[in-house]
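Asker: Take this sequence and fold it.
(one chain, ligands or ions: 1)
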Amino acid sequence: MQVTFVGTGDAFGSGGRAHTCLRLDHGGRALMIDFGAGSIIGWRRLGFSFNQIDGLLITHLHGDHFGGLPFLLLEAQFVDPRDKPLPIYGPPGLRSRLAMAMEAFFPGTTGIKWRFPWEIHEIAPPSRETIAGFDVRTMEVVHASGAPATAVRVQAGGKTFAFSGDTAWTDALLDVSADADLMVCECHSMAPKAPGHMDWPRLRENLPRIGARRLMITHMGPEVLANLDTIRAESGLDAAYDGLVVEI
Ligand SMILES: [Zn+2]
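Answerer: Residues are numbered from 1 along each chain as shown. The predicted structure follows:
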C-alpha cells in the first residue's frame, strides 16, 4: 500500500501546509481520506486528478477535513470531467452538512445535474465497510464536530494503515493502531491546550502502549512545528509533510 500525504496542516495552515488529506493506493485503486477546504492546493501541487480516486472517506465534519468537497465535486463536474461514480463515506450528518457547505460556497449547486453519479454513505462508528477495495474500519474518538468524529483503520494487500483523525487521547487509538504497519496520529500542541486535540506529552506517555510498527505525527500547530527536533530526539518519531510518500 502506498500512502501519500497530500495535506498535513492544522486547521490554520500552520507552516504553510495544506489541510488534512491522505491518498492510499493499492492494486490500481485509490482511496482518499479527508479533503479540507485547503486540501485542493496540496492536491494540485502533486499533479493528481480526481479521476484517479475510487472512493472517499471523511473522518469528521470540520471544515479542514471535509470543507473541500464542494470544490472537488465542481472540479470533477466542470474542469477535469469525471464519469465514474464517486462514493463518499463519512459520519452521520455528512449529507446535510455537505449540502449546507455547497449552498454557502456556491449557491444553487445542490440542484445541478451531475455528469457523474456520486453518493453519500453515512456510517456510524464503529463500522466496517469495503471502500474501493480497501477494508475500512472506523472507531469513535474524542473531538466535538457536531457529529461523531472517527479514527480509521484501513487494510489492503496484507498491510494496515491507521489514522487518528483529530482527537484528544483515547484508548480507542490502541485498537485502531494495533499491529498497524503505519499509524499517523495528530499532534497539535506541546502542552494541553485545545480541547479535543492531542498534545505531545500525552502522546509521548502513551507511546509504549501503541502497537503500530511505525508512527508519524501530523496536523501540527506552530509550537509542535518549532519543536520537531526535540520530538525526534525524545522519541525517534518522524513528522509527516505535504508530498511525503510512504510505502508500507
Ligand atoms: Zn477537527
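Asker: Relative to G13, how far out is the closest residue to D54 other than its chain neighbours?
Answerer: Spatially, and ignoring its direct neighbours in sequence, D54 is nearest to A132 (3.6 Å; CB to CB, 6 or more residues apart in numbering). No exception for glycine: its C-beta is placed from N, CA and C like everyone else's. With distances taken as CB to CB, to the nearest Å, A132 is found 28 Å from G13.
Asker: just checking, what packs against the longest helix along the chain?
Answerer: With residue count as the measure and DSSP state H as the assignment, the chain has helix 94-105 as its longest helix. On a contact count with 3 or more CB pairs under 8 Å, 6 or more residues apart in numbering; DSSP states H and E, helix 94-105 meets helix 63-66, helix 69-74, strand 118-122.
Asker: among those, which is nearest W169?
Answerer: helix 63-66 (18.9 Å; CB to CB).
Asker: List the buried residues in that closest one.
Answerer: D64, H65, F66 (16 or more other CB atoms under 10 Å).
Asker: Any part of stretch 44-63 near the ion?
Answerer: Yes - for a cut-off given as CB under 5 Å from the ion, stretch 44-63 has contacts with the ion, namely H62.
Asker: Only C-alpha atoms, please: export that stretch in PDB.
Answerer: This file holds the C-alpha atoms of stretch 44-63, laid out as PDB (Å, rounded to 0.1, in the frame of the first residue of the first chain):
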ATOM      1  CA  ARG A  44      -2.800  20.300  -7.300                       C
ATOM      2  CA  ARG A  45       0.800  20.600  -6.200                       C
ATOM      3  CA  LEU A  46       1.200  16.900  -6.600                       C
ATOM      4  CA  GLY A  47      -0.400  16.900 -10.000                       C
ATOM      5  CA  PHE A  48      -3.200  14.500  -9.000                       C
ATOM      6  CA  SER A  49      -6.500  14.200 -10.800                       C
ATOM      7  CA  PHE A  50      -9.800  13.400  -9.000                       C
ATOM      8  CA  ASN A  51     -10.500  10.900 -11.800                       C
ATOM      9  CA  GLN A  52      -7.800   8.800 -10.100                       C
ATOM     10  CA  ILE A  53      -9.900   8.500  -6.900                       C
ATOM     11  CA  ASP A  54     -12.200   5.500  -6.500                       C
ATOM     12  CA  GLY A  55     -13.600   6.300  -3.100                       C
ATOM     13  CA  LEU A  56     -13.500   8.900  -0.400                       C
ATOM     14  CA  LEU A  57     -13.700   8.700   3.400                       C
ATOM     15  CA  ILE A  58     -14.200  11.600   5.800                       C
ATOM     16  CA  THR A  59     -13.100  11.200   9.400                       C
ATOM     17  CA  HIS A  60     -15.200  14.100  10.800                       C
ATOM     18  CA  LEU A  61     -17.200  17.100   9.900                       C
ATOM     19  CA  HIS A  62     -14.800  20.000  10.400                       C
ATOM     20  CA  GLY A  63     -14.000  22.400   7.500                       C
END
